[in-house]
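In: what's the 3D shape of this:
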Amino acid sequence: MSFETGLYEQLINKLVSNKLDTLDCQKFHISETLLDKEEASQYLSLYLSETIRFALNEIKEKDRPLRQIEISNKIIKLLAEELKNIDLADNLIENEGRILEAVFSKSNFPYSNLKDRLKEITPYTRLSQSELFTGNNTGISLESEIKKEILSADEICWLVSFIKYSGIRIFKKELEEFTNSGKKLKIITTSYMGATDAKAVEYLSSLPNTEIKVSYNVEHERLHAKAYLFLRNSGFHTGYIGSSNLSRSALTNGLEWNLKVTTQEIGHIIDKFQKTFETYWLDPEFEFYEKGKDQEKLIASLKRQSNQGVNLITTFFDLKPYPYQEEILSKLDSERIIHNRNKNLLVAATGTGKTVISAFDFKRFKNSNPNPKFLFVAHRKEILEQAQRTFQHVLRDSNFGELWVGGYEPQKYDQLFASVQTLNNRLKKLELGDDFFDYIIVDEVHHIKAESYRPILKRFNPQILLGLTATPERMDGGDITGDFHNKIAAEIRLPEALNRKLLSPFQYFALSDSIDLTTVNWRQGKYDINELTKLYTEDDRRLGDILKNCEEYLTDVNDVQALGFCVSQEHARYMAENFTRVGLKADYLVSSNSSNRDELRNKLYKKEINYLFVVDIFNEGVDIPEIDTVLFLRPTESLTIFLQQLGRGLRLAENKDCLTVLDFVGNARPEYDFEHKFRALIGKTHTSVIKEIEDEFPHLPLGCSIVLERKAKEIILKNIKEATEFRRPQLVQKIKSFKNHSSLPLTLSNFIEFHHLRLQQIYKKGSWNRLCAEAGVIEEFSEPNEKEIANFISNRLISCNSVSYLKFIKNLCQSNFSNLNFSEIERLKALMLHYDIWQKSGPDCNFNNLNESLHQISKNPRMIDEILEVVELLMEEIDFVEKPIQLGFEFPLKIHSRYNRNQILVAIRRHKFKKAKPSREGASYEKSINTEALFVTLKKSDKDYSPTTMYEDYALNKNLFHWQTQNSASPNTPKGQAYIKSKKNVLLFVREQAKDEYGFTMGYVFLGEAIFQKHSGEKPMNIEWKLEEAMPAYILKESQKLAVG
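Out: Residues are numbered from 1 along each chain as shown. Model prediction:
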């Protein structure tokens, strides 16, 4: 019995199992997996569908349809008998085998002949079967099919990157009939490439019951979809997804491919289509188009896109910050409010909107501090002029600020955009107090020499000092973080900037390096530079490999603008000389020839040289947007420097397709950190870097790719696994040898920072004190509740990020649980701690009261010290400000903090000291306070990707959340009525998935009170909730990603 080799996704039945048994395991690899619980019904129903179809087709009797119906009904009856709790009697098929074609109200049907009308409006390809249109379908044109779809739909949603009048006028009759009948038409389009006809948009906006949204984001257009959705009240929805925009050529005579999908056949695709459209519709990037009012704005945008020289007034950011900018603003708030750090450094690559973020930050400050005195400092007039325009736009105040640079002289000093040179020249004459300015921004601080901006920083002491830079390394070698609490307050993450198309996408190739670095000495967190230089300049074989790889991976080695990052001046010189020797145009820029900086920069810009070899960054000398290739010719130990070097090639430039990165990877020392480098390129995911590498990087930013050569991949995986997947004995050994590698005292904080570890990696192996005792660095100890407290720290404490709750725990521990006179909110927090540690009610733990429970914790002094150390680390990592909620009763939880289920159940009074009420469903109601908590896990399947799992709980935008009830709820049941009438407090708790990448249970983010907006469907009901507080950007992004793919 033969078995074809290859990939399968086959449910194993008896036949398949028998075939597998015949295969020789010595000759064949066989891989199997178990059904995922969330996907089992999908697999089984598809399998049964095919089995039943096959069986029914085999019936050869005279009354074939009747026999097929009879057998189908027997199957339905069997299901009803097996599943006692559901009623399937209504699903039995009538014996006649009739198909319902239509139902129309006679009072609202102006046609004399039903059959003729059905012929006019029913699509040729029908409503239940999918179809592929390739531009040459015999007898069926896409145009004629869409006309019928329009006439038979109840709501239409179109998503197209551009609209031509020639593509609209062929549907005028149908669209006018559709919209005049009171049905809704919704269209999302863009000014992409200036291709849209303003006349087409203006005509569509004139139709009744029609809404149009347009993206004017001409700089970074992201919508290229061509999709048409036709919704029907009957539930028989259809959609078209493909390559056709609304143009005559695309719809009629082009060889465009479009796939028709139906709810009946591929329901999950229609479902995803609907959700995606809904989230786009609610995205502020798409603005409502009003007939007459917005025509001029659209025309200007179209002309700008088609390079007709019109200067569009609106900017990309258009008044409201994007989610990634909200995240930055939230981090700045947390630095000031939680950590009391008012001197903040914001790092972001050039072109990613640092100035815009600073304008939004100042706007927030201004809202709570009327008439603040403001100073923006930069080193160039052009920067100051652009900054002033940006601030005026964000603040909606065309008179905001005065320039003080060149020939500009301000009338007042309370809103200044001033050059550093002007300020320094006038500083002594300025009779302004130290605290005159409330808010100061220093732009591009790495460009300004210490002697230039030092007097300004010394002179003024503002409430807020905000530094903006693309790189925290100062031009004169100084460290600018010293002026900002030695900390970068916030960064725009690389993946986010790439996804927003603010930076050029990259293709990153990790190539095998013949040099073995395992024997090179490691000093102060770096390889020894002299040893690296010797290895790299005395091995011509390595040079040959580099040249060979350039030839293989670069389109044309004589037509690139490449930067090569070297370990030393000698190495840079060696590379340039040898590239030149083989006929390539190359040079080097190091400190000894820095006077040639401008000349070399211009040569690279004009392609008079193709390769410039440098050491580290040399910011101004190599700041060329056109750079399209980066060569990493040395290991870069600092993640910050690696990202700065990579960033040199990520600037957007005309005709630049992408950045090519060649990174030469040799056997590395165990101290070298590959994981953080790849995490920075990938971005935040819920899978480990190891799994990302093994799965060939499925979650990269849009347009980017990473390719690892086999040997390089082995080296990288081995390094990361040894650094992150160590066993307990290896961790104990690292603790034991810490003093041999670091001059710092051994603390949990110093240890994880030195080894680039996270708390989860430590606590997956055991408690810190127990590990230290095993390593012999502290005395052996024995405490009565070590096991319970260690379990609390690892499974609950390290997933908590509530400042108020952490402070409460800290205060209790510092007082050794001596002050137990609690307010009501403190008592609830104490009860939360009780359940965190003991996991059971008081009586079940033999405690008579809450104080006894807390006193028992106090008998573990060493573990209390460990709790305190962990709490300090957790508080230092918090980068958002939690918000209070007013419910009419005392409530211990704060909005946007993360809590476990037991903590939530204590807060809503389900768990009391004497009794814990069970709660396993997705909702828990407490009558005494008339409050229901909704528990939502966004990613319900255990698999990384589940195409058919219906994610019915998801964010529509930052204030609206779509939620599905339990299966039993309908608008007519008491449960459904309770939601609709909204007479109770509904609190929403959301987590990304059940377990984090380390296997620990994830807590729920408290999104606050949810207010009922509308509902649809029954058993289950779909409900739209409005949040009183906008949800955090990371939850919004994760939720929408799962909902729309």
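In: Give the residue spans of the stretch 501-650 of the chain that score low on pLDDT.
Out: Applying pLDDT under 70 to the stretch 501-650 of the chain picks out residues 594, 616-623.
In: 80 instead, please
Out: Along the stretch 501-650 of the chain, segments meeting pLDDT under 80 span 591-597, 616-623, 640.
In: As a check, name the ranges of all strands in it.
Out: Listed in chain order, the strands found in the stretch 501-650 of the chain under DSSP state E, counting those that start in this stretch are 506-512, 522-523, 526-527, 562-566, 586-589, 611-615, 629-632.
In: can you redo these as CSV with distance to residue 490 and mean neighbour count?
Out: Glycine gets a C-beta too; all of them are placed from N, C-alpha and C. Shown next, in CSV, are these (distance: least, CB to CB, whole Å; neighbours: other CB atoms under 10 Å):
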stretch, distance to residue 490, mean neighbour count
strand 506-512, 23, 21
strand 522-523, 31, 13
strand 526-527, 26, 18
strand 562-566, 26, 25
strand 586-589, 31, 24
strand 611-615, 28, 23
strand 629-632, 25, 23
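In: Redo these as CSV? Include distance to residue 729.
Out: Putting the strands of the stretch 501-650 of the chain into CSV (distance: least, CB to CB, whole Å) gives the following:
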stretch, distance to residue 729
strand 506-512, 31
strand 522-523, 23
strand 526-527, 28
strand 562-566, 38
strand 586-589, 47
strand 611-615, 41
strand 629-632, 35
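In: Mind checking those for the one nearest to residue 986?
Out: strand 506-512 (44.5 Å; CB to CB).
In: that older thread, quick one: closest of the strands of the stretch 501-650 of the chain to residue 958.
Out: strand 506-512 (29.5 Å).
In: Can you give me the buried ones in the longest strand anywhere in the chain?
Out: As assigned by DSSP state E, the longest strand anywhere in the chain is strand 1004-1016. By neighbour count with 16 or more other CB atoms under 10 Å, strand 1004-1016 contains the buried residues 1004-1010, 1012, 1015.
In: quick one: which of the residues you listed is nearest residue 216?
Out: Out of the buried residues of strand 1004-1016, the member with the shortest distance to residue 216 (by CB to CB) is residue 1007, at 30.7 Å.
In: Now do that closest one, the pLDDT please.
Out: Looking at residue 1007, its pLDDT is 97.
In: The one 4 residues further on now?
Out: According to the predicted model, the pLDDT of residue 1011 comes to 94.
In: Please report how far it lies from residue 932.
Out: 13 Å (CB to CB, to the nearest Å).
In: list residues touching both of those two?
Out: residue 986 (CB atoms under 8 Å, 6 or more residues apart in numbering).
In: re earlier: and after the longest strand of the chain, which helix or strand comes next?
Out: The C-terminal neighbour of strand 1004-1016 among helices and strands, as given by DSSP states H and E, is strand 1022-1027.
In: could you dump the buried residues of strand 1004-1016 to TSV with distance to residue 283?
Out: Shown next, in TSV, are these (distance: CB to CB, whole Å):
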residue	distance to residue 283
1004	25
1005	21
1006	25
1007	19
1008	22
1009	24
1010	21
1012	23
1015	23
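In: Run a quick neighbour tally on residue 423.
Out: Counted with other CB atoms under 10 Å, the neighbours of residue 423 add up to 21.
In: from memory it sits against residue 457, does it?
Out: No: if you go by CB atoms under 8 Å, residue 423 and residue 457 don't touch, sitting 10.9 Å apart.
In: just so I know, which of the strands of the stretch 501-650 of the chain lies nearest residue 694?
Out: strand 506-512 (14.2 Å).
In: what about dumping the CA coordinates of that closest one to CSV?
Out: Extracted C-alpha coordinates of strand 506-512, given in CSV (Å, rounded to 0.1, in the frame of the first residue of the first chain):
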residue,chain,number,x,y,z
PHE,A,506,15.3,45.6,5.4
GLN,A,507,16.6,42.3,4.0
TYR,A,508,18.9,40.9,6.7
PHE,A,509,21.3,38.1,5.8
ALA,A,510,23.3,36.4,8.6
LEU,A,511,26.3,34.9,6.8
SER,A,512,28.8,32.4,8.2
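In: Return the list of helices and strands in contact with it.
Out: Other helices and strands packing on strand 506-512, by 3 or more CB pairs under 8 Å, 6 or more residues apart in numbering; DSSP states H and E, are helix 540-553, strand 659-665, strand 705-708, helix 710-724.
In: highest average neighbour count across the ones you listed?
Out: Ranked by mean neighbour count under mean count of other CB atoms under 10 Å, the helices and strands packed on strand 506-512 are led by strand 659-665, which reaches a mean of 22.
In: average model confidence for that one?
Out: 96.
In: which element follows that strand toward the C-terminus?
Out: helix 675-682.
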